[in-house]
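S.K.: Whatever this is, show me its structure:
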Amino acid sequence: MSEEDHVFFRGKKVNILIDCVTFQLNSPSASIWHEVIKVFSVQDGIKLTLLDRGGTPKVGGVSYIEFPSYNWHNTAADSLLIDRFGQEAKADIFLSSLYTTPTTLPAVLLVSEFDHIYKSKRCLAEKRLAAHHASYVICLSSRAYRQSKRFVNHQERLVRVAPEMEINVLKDFSSKIATLVGILRDQFLRAMREGLTPSNQIFQNEWHRLRSIQAEVDTWP
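M.R.: Numbering: from 1, shown residues only. Okay, the predicted model is just below:
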């Protein structure tokens, strides 16, 4: 984290909103997210709020919000609802455990190579939209990095973990979670600071307008 970030956020408590959709869908990376949530829950300076769509593990010191189940046919309306709940929870930053997005909250996307099993046209569209919306896209492996390069226009927004810190859900990764959470915290602070700039606020307003139009189109017979 830069000295500028340290000065800007000194004394702030960061309120993180995590969409736990991965547990509802029982995705391959759910085990990673369980460990990430446990580490975040005991860190100073963090308030953690989880959108529980079903199946989310209970962790002490964390706030839970019951949230509608996810489906791939109403994704735009889902974005608008995430935004509304995020505002009510006074969230500073959004983190999705798959490819969900808010509209006006700054967001960071965490990508595992195992999440690329979702390959329908709508899934791929949401993946691309999530990558475009996120301030930073953190890739947990070299393969995830290569896959994500196709969806991210500005390569400086791609963050690749060091080779020795790559995470594979098929192997023991418990010793790497604390480092991953440190990377996430750094990117959260950067995204929050950048989200206050006029250009980013214009982007968020336009994104909200786009998702509102998509939500209306999704209701057409």
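
S.K.: For this structure, just list every one of the strands.
M.R.: Listed in chain order, the strands of the chain (DSSP state E) span 14-19, 46-52, 63-66, 93-96, 107-111, 136-139, 158-160.

S.K.: What are the buried residues along the second one?
M.R.: Okay, so that is strand 46-52. For strand 46-52, the neighbour count (16 or more other C-beta atoms under 10 Å) marks I46, K47, L48, T49, L50, L51, D52 as buried. Backbone N, C-alpha and C define where each C-beta goes, glycine included.

S.K.: can you give me the mean pLDDT across it?
M.R.: What strand 46-52 shows for mean pLDDT is 96.

S.K.: The fifth one now?
M.R.: The average pLDDT for strand 107-111 rounds to 93.

S.K.: which of the buried residues of strand 46-52 lies closest to S212?
M.R.: L51 (20.0 Å; C-beta to C-beta).

S.K.: Distance-wise, check the closest one relative to T197.
M.R.: As judged by C-beta to C-beta, to the nearest Å, L51 and T197 stand 27 Å apart.

S.K.: Surely L110 touches Y136?
M.R.: No - applying C-beta atoms under 8 Å as the test, L110 and Y136 come out as separate, 9.5 Å apart.

S.K.: The two: which is more packed in?
M.R.: Neighbours were counted for L110 and for Y136 using other C-beta atoms under 10 Å; L110 has more, 27 against 22.

S.K.: check contacts around the more buried one.
M.R.: Taking C-beta atoms under 8 Å, 6 or more residues apart in numbering, we find L110 in contact with V36, L95, S96, S97, I138, L140, L184.

S.K.: Not counting its neighbours along the chain, what's nearest the second one?
M.R.: On the basis of C-beta to C-beta, 6 or more residues apart in numbering, the spatially nearest residue to L95 that is not a chain neighbour turns out to be I18, at 4.8 Å.

S.K.: Might you report the residue contacts of that neighbour?
M.R.: Contacts for I18 (C-beta under 8 Å, 6+ apart) come out as W33, I37, L48, T49, L50, L51, F94, L95, S96, S97.

S.K.: Just flag the most distant two among the buried residues of strand 46-52.
M.R.: Taking C-beta to C-beta as the measure, those span a maximum distance of 18.1 Å, between I46 and D52.

S.K.: Just give me the closest of the contacts of I18 to L81.
M.R.: Set against L81, the nearest of the contacts of I18 by C-beta to C-beta is L51 (9.3 Å).

S.K.: Cheers, nothing more for now.
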